[in-house]
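**Student:** Next one to model:
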Amino acid sequence: MKGHHDGEETLSHEHGAGNARRREGHSHGARAPGRWVRLRHDLSHLNPFGHSHESSDSVDDALESSAAGIRALKISLVALMATALFQVVIVIISGSVALLADTIHNFSDALTAVPLWIAFALSRRAATRAYTYGYGRAEDLAGVAIVGMIFLSAVVAGYESVMKLLNGSEVSNVGWVAVAAVVGFLGNELVAQFRITVGRRIGSAALVADGQHARVDGFTSLAVLAGAIGVWLGYPILDPIIGLLITIAILFIVKGSAVSIWRRMMDAVEPEVIDSIERSAAGVSGVERVGSIRARWVGHRVYSEVEIGVLENLSAAEIAGIRERLSAEVKRAVPKLERLVVEAVPCG
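**Tutor:** Residues are numbered from 1 along each chain as shown. The predicted structure is shown next:
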């Protein structure tokens, strides 16, 4: 039958139309929630024991997801800049190279919010005839910029540590160095929890990587605390040694973040996403078999293509019904799904 071969249907007739209605509602419908309401909503998702898998963790609308990402970046930028500025003052009065390395890294971590902010803003723009998939890939490019900034901070911290190790170091106001280290740990851990929670909720690999980066920064601050204790006990050489250890930790962050961004840029997708699509499709009545499945991330949304087998004697209307049921089931299983193309082919 003609409908068996050339009929392809996407979620655009139901999911896309829903997005259009939501966008229309944002522009001249009910008022959007206020800034403090949105902030309270984001902070409520912080959980020191992990992230929730409840339905409230899934933000279905792409515009809403980007807005949540931008809010997370604004808040974390302010928090990290305040932490780094406090540490700068202590570096000046103490001369601690370990704290200097940690401060440089905190500044670089704060500044990584800038390319991500730009990427989230771009992803809110509508697709065009040239950029038919929209601007979601800007998020992956922001991830590349973040990896570069992290690597640069490692180079600067390593250089300063080596110079202090060769020329000798003298640390004063050790108590304040310890206080700055504790402040650095607390600031980074709170930012890490916030970025990772929001990043997982909206499906942003770049934001999750940035949060993991902040988490390791927190542990490097504890290393600074250990160095300060060593200096207080009469071993000042521990200060530049701790600086070098922090540099090595930063390089490991570079490696992990680079692998994550590389996978996204090469259209890799988590196996559980494919498994969810396959299980959902196989459970739909009228689907005789599930063929090839393709999926990829575009920014923090999933685009997928599924081939299914249907009986030869079905009418075009029956096949359309199967597609519609399949689309609904897959959307429930993969809440971050933006577009699904279903190809129905006849089977015996």
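**Student:** Measure how far whichever helix in the chain runs longest is from the centre of its chain, please.
**Tutor:** Longest helix in the chain, counting residues (DSSP state H): helix 62-94. How far helix 62-94 lies from its chain's middle: 16 Å, per Cα atoms, centre = their mean, to the nearest Å.
**Student:** Let's verify Glu343: helix, strand, or coil?
**Tutor:** Here Glu343 is strand, with the state taken from DSSP: H, G, I helix; E, B strand; the rest coil.
**Student:** Arg323 versus that one, what's the distance?
**Tutor:** Using Cβ to Cβ, to the nearest Å, Glu343 is found at 9 Å from Arg323. Where C-beta positions appear, they are placed from N, C-alpha and C, glycine not excepted.
**Student:** and these two? which has more neighbours close in?
**Tutor:** Under the criterion of other Cβ atoms under 10 Å, the comparison of Glu343 against Arg323 puts Arg323 first, with 26 against 17.
**Student:** I figured that one hits Val341, correct?
**Tutor:** No. With contact defined as Cβ atoms under 8 Å, Arg323 does not reach Val341; the gap is 9.8 Å.
**Student:** hmm, back to that, if we go by neighbour counts, what in the longest helix of the chain is buried?
**Tutor:** 62, 64-73, 75-77, 79-81, 83-84, 86-88, 90-91, 94 (16 or more other Cβ atoms under 10 Å).
**Student:** Identify the residue nearest the geometric centre of this structure.
**Tutor:** Centroid-nearest residue in the chain, with Cα atoms, centre = their mean: Leu207, separated by 2.6 Å.
**Student:** My guess is Ala333 contacts Glu278. True?
**Tutor:** No. At 9.6 Å, Ala333 does not count as touching Glu278 under the criterion of Cβ under 8 Å.
**Student:** Check the gap between the residue nearest to Ile75 when sequence neighbours are not counted and Tyr235 for me.
**Tutor:** Residue nearest to Ile75 in three dimensions, not counting chain neighbours: Phe194, with 6.5 Å by Cβ to Cβ, 6 or more residues apart in numbering. Here Phe194 is placed at a distance of 36 Å from Tyr235 (Cβ to Cβ).
**Student:** And those two? Which one has more around it.
**Tutor:** Phe194 (23 against 12).
**Student:** host element of the residue lying farthest from the centre of the chain?
**Tutor:** Distance from the centre of the chain peaks at Asn313, with 46.3 Å (Cα atoms, centre = their mean). Using DSSP states H and E, Asn313 sits in no helix or strand.
**Student:** Same check on the one 4 residues further on?
**Tutor:** Assigned by DSSP H and E, Ala317 belongs to helix 316-333.
**Student:** again with Ala154
**Tutor:** helix 138-167.
**Student:** Any regions of this protein where pLDDT drops low?
**Tutor:** Applying pLDDT under 70 to the chain flags residues 1-65, 168-170, 348.
**Student:** domains in it, as residue ranges please.
**Tutor:** 2-21+270-347, 61-265 (automatic domain parsing).
**Student:** Need phi/psi at Leu297.
**Tutor:** Quick fix: residue 297 is Trp, not Leu. With angles defined as degrees, to the nearest 10, Trp297 sits at phi -90, psi 130.
**Student:** Over to Glu288?
**Tutor:** phi -80, psi -30.
**Student:** burial of the closest residue to it other than its chain neighbours, as a residue count?
**Tutor:** Distances taken as Cβ to Cβ, 6+ apart place Gly309 nearest to Glu288, at 4.5 Å, with adjacent residues excluded. Applying other Cβ under 10 Å, we find 16 residues neighbouring Gly309.
**Student:** so is Gly309 in a helix, a strand, or just coil?
**Tutor:** strand.
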